[in-house]
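Trainee: what's the 3D shape of this:
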Amino acid sequence: MRKPRLFTDLLLILVACIWGVNFTVAKSALREFSPLSFIALRYGIASLLLCVFLVVTREKWKIKRGDWGKLILLGFIGNTLNSLLFIIGLDYTAASVASLLATASPLFVVLFNAFSGMESLNRFSWLGVGLSFVGIFITTGENAHWQFDWNQQGFKGSFFLIGTTITWAFYTAFGKPLLRRYSPLQTITYTTCIGFILLIPFVLPALLRQNWNRPRPMSWVGVFYAGVFAAALAHVIWYYGVKNIGSTRTIVYNNLSPVIGIVTAWIYLGERLTPLEMLGAGMIVIGIYLTRRYG
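Mentor: Numbering: from 1, shown residues only. The predicted structure follows:
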């Protein structure tokens, strides 16, 4: 049992690294792609690649009629809504701050599990939840220069990125029941394709307005990285982890992404975190530890 679990752990570390780098890759590509054009290409590539994987591996395509509603809901929340919130939030804020706010995902998974009756929280767990929310407040406030104004880009970006963590937590927590009946590849292929189809009305005008002569080769490399690795491959591995070790343990690996994201943004974008942003991040991580340790 130890070897399969170790293999799963290593795969999830790989996913955390892929997503950590993706913050900088996406931020760089947004210099030449509009946000909506970028996610349209990303999810178009991911959907096509996942369908090819499903054919090559000869996985079953058949879905029970009663599961379509769940797949559509997960596809919309975990792909359509999540991707819109992520790319708009990233466009308004630094890649390093975006990666920091991603650490809050485990907190929301725990809350979803608690409110749905899948697990209970004691007073130490609630202390951790409170500490994490204070950390989110500090990180968001510092990013917005303590101006909680919708016209302030840092505040607007943080708002959208917190929405990203909530939608991803929902996708992680409530995807597990489907994994009892379908493989991670099947589940991700359907939710990604559904998410992409539902995304089209939002992104079509941006695709028509996009200046396709503007992006340089490296920006196209960024799009393919985001589609092939960050969307297709990483999502399949993520649900593989959820199926094998559970949503609560899997989401903890999300805490590694900000470390990779901050280092990558520092090296390639020259971004720096303020002391208060680092304090906020530390409080989020400690709060999540308390929630998981005593939950």
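
Trainee: quick check: Tyr171 touching Leu74?
Mentor: Yes - look at Tyr171 against Leu74 with C-beta atoms under 8 Å: they come within range, at 5.9 Å. For every residue, glycine as well, the C-beta is placed using N, CA and C.

Trainee: show me which of those two is the more surrounded one.
Mentor: Comparing Tyr171 with Leu74 by neighbour count (other C-beta atoms under 10 Å), the higher total belongs to Tyr171, at 27 against 23.

Trainee: state the mean pLDDT of the host helix or strand of that one.
Mentor: Per DSSP states H and E: Tyr171 is located in helix 153-173. Helix 153-173 shows an average pLDDT of 85 in the prediction.

Trainee: elements contacting the helix or strand hosting Ser219?
Mentor: Per DSSP H and E, Ser219 falls inside helix 217-224. Using 3 or more C-beta pairs under 8 Å, 6 or more residues apart in numbering; DSSP states H and E as the contact test, the elements touching helix 217-224 are helix 2-29, helix 35-56.

Trainee: could you pull out the helices for the stretch 101-250 of the chain?
Mentor: Ranges of helices in the stretch 101-250 of the chain, per DSSP state H, counting those that start in this stretch, are 105-115, 123-143, 153-173, 176-179, 184-209, 217-224, 234-245, 247-252.

Trainee: who touches both of Tyr171 and Leu74?
Mentor: Thr191 (C-beta atoms under 8 Å, 6 or more residues apart in numbering).

Trainee: returning to that earlier point: contact partners of the helix holding Ser219?
Mentor: By C-beta under 8 Å, 6+ apart, the residues outside helix 217-224 that reach it are Val25, Ala26, Ser28, Ala29, Arg31, Glu32, Phe33, Phe38, Leu41, Arg42, Ile45, Pro215.

Trainee: if I take it and helix 2-29, what angle do their directions form?
Mentor: Per axes from the mean of the first three to the mean of the last three C-alpha atoms, to 10 degrees, the angle that helix 217-224 makes with helix 2-29 is 140 degrees.

Trainee: excluding sequence neighbours, find me the nearest residue to Leu50.
Mentor: Thr189 (4.1 Å; C-beta to C-beta, 6 or more residues apart in numbering).

Trainee: who does the helix holding Tyr171 touch, helix- and strand-wise?
Mentor: Using 3+ C-beta pairs under 8 Å, 6+ apart, helix 153-173 sits against helix 82-92, helix 95-101, helix 105-115, helix 123-143, helix 247-252.

Trainee: low-confidence ranges, this structure, go.
Mentor: Along the chain, the model assigns pLDDT under 70 to residues 1-4, 117-121, 140, 143-151, 248, 288, 291-295.

Trainee: make a markdown table out of the contacts of helix 217-224 and add neighbour count.
Mentor: A markdown table is the format used below for the contacts of helix 217-224 (neighbours: other C-beta atoms under 10 Å):
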| residue | neighbour count |
| --- | --- |
| Val25 | 23 |
| Ala26 | 25 |
| Ser28 | 18 |
| Ala29 | 25 |
| Arg31 | 11 |
| Glu32 | 18 |
| Phe33 | 26 |
| Phe38 | 27 |
| Leu41 | 22 |
| Arg42 | 28 |
| Ile45 | 19 |
| Pro215 | 20 |
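
Trainee: residue contacts, Gly89?
Mentor: Ala98, Lys156, Gly157, Ser158, Phe159, Phe160, Leu161, Gly163, Thr164.

Trainee: same question but for Val263, I mixed them up
Mentor: Taking C-beta under 8 Å, 6+ apart, one finds Gly20 in contact with Val263.

Trainee: for Ala95, see how far away it is.
Mentor: Distance of Val263 to Ala95, computed by C-beta to C-beta, to the nearest Å: 11 Å.

Trainee: pull the distance from stretch 86-106 to the chain's centre.
Mentor: In terms of C-alpha atoms, centre = their mean, to the nearest Å, the centre of stretch 86-106 is found 9 Å from the chain centre.

Trainee: hang on, isn't Pro258 packed against Leu100?
Mentor: Yes - the criterion here is C-beta under 8 Å, and Pro258 meets it with Leu100 at 5.2 Å.

Trainee: what is in contact with those two at once?
Mentor: Joint contacts of Pro258 and Leu100 (C-beta under 8 Å, 6+ apart) are Ala281.

Trainee: between the two, which one's more packed in?
Mentor: Using other C-beta under 10 Å as the criterion, Pro258 and Leu100 rank with Leu100 on top: 31 against 26.

Trainee: separation between the spatially closest residue to Ser34 that is not a sequence neighbour and Ala95?
Mentor: Distance criterion C-beta to C-beta, 6+ apart; nearest residue to Ser34, sequence neighbours excluded, is Ala206 at 5.0 Å. From Ala206 across to Ala95, the span is 21 Å (C-beta to C-beta).
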